[in-house]
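Peer 1: heads up, no residue letters with this:
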């Protein structure tokens, strides 16, 4: 058992830092990280230069965005910059997607902020059905089934996402109606504005 964080660092070749962004100065100040270590920064919105100043180290620092699905080896992890040891670690957990600069990395980081909105969307569909007399368990089961089956089509990488959308629609059918009346230009712009705001905070 390690006595403290410094003991953890001293015993490690790969140092993974995963504290909350607002806590990282307090948590890390005073730690000594020798230059022969490799640091993996999992903190959203903490740039490499900022972390390097806090740690006062010349060690390689790699940013990464592992998502919960890495536990099942089903999610690609964005890394920046590419690093043989770090990329190899994430290749074993679903794949590594190295990007060359932090501007691109921050775009991917912002995209991860959309995950729970997807669940909330599904919960809204379920609540709507319940409001129209469908039993909660039945509504939940049906909505889950709809989107689990739809999600499988994402494995078809021969078709871009806009093509998948088109392929799941009948012209003037129900899906086209909801897409064009609810997810209209104003809705699209609102989503893009929300992502732009998040990206600004992450930079």
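Peer 2: Sure thing, it's come through. It should be emphasised that the depicted structure is a prediction, and the values quoted were computed from it without experimental measurement.

Peer 1: From the centroid of the chain, which residue is nearest?
Peer 2: By Cα atoms, centre = their mean, the mean C-alpha position of the chain lies nearest to residue 112, the distance being 3.1 Å.

Peer 1: My read is that it contacts residue 65, right?
Peer 2: Yes - Residue 112 is in contact with residue 65 according to Cβ atoms under 8 Å; the separation is 5.9 Å. For the C-beta atoms, the positions are set from N, CA and C on the backbone; glycine is no exception.

Peer 1: need the contact list for the residue nearest to the centre of the chain.
Peer 2: 44, 65, 67 (Cβ atoms under 8 Å, 6 or more residues apart in numbering).

Peer 1: Give me the buried subset of the residues you listed.
Peer 2: Buried members of those, counted by 16 or more other Cβ atoms under 10 Å: 44, 65.

Peer 1: need the contact list for the residue nearest to residue 176 when sequence neighbours are not counted.
Peer 2: Spatially, and ignoring its direct neighbours in sequence, residue 176 is nearest to residue 169 (4.7 Å; Cβ to Cβ, 6 or more residues apart in numbering). Residue 169 makes contact with 175, 176, 179, according to Cβ under 8 Å, 6+ apart.

Peer 1: Same check on residue 19?
Peer 2: 27, 28, 43.

Peer 1: So which of those sit within strands?
Peer 2: Taking DSSP state E, every one of the contacts of residue 19 sits outside strands.

Peer 1: As TSV, those with neighbour count would be great.
Peer 2: Converted to TSV, the contacts of residue 19 look like this (neighbours: other Cβ atoms under 10 Å):
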residue	neighbour count
27	14
28	18
43	20
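
Peer 1: Give the helix, strand or coil label for residue 25.
Peer 2: Judged by DSSP: H, G, I helix; E, B strand; the rest coil, the three-state class of residue 25 is helix.

Peer 1: On the pLDDT front, check it for me.
Peer 2: Note for residue 25: predicted pLDDT of 86.

Peer 1: which one is it nearest to, not counting chain neighbours?
Peer 2: residue 54 (6.0 Å).

Peer 1: do the same with residue 136
Peer 2: That would be residue 130: by Cβ to Cβ, 6+ apart, it lies 5.4 Å from residue 136.

Peer 1: Next, work out how far apart the one you found and residue 120 are.
Peer 2: Distance, residue 130 to residue 120, using Cβ to Cβ, to the nearest Å: 15 Å.
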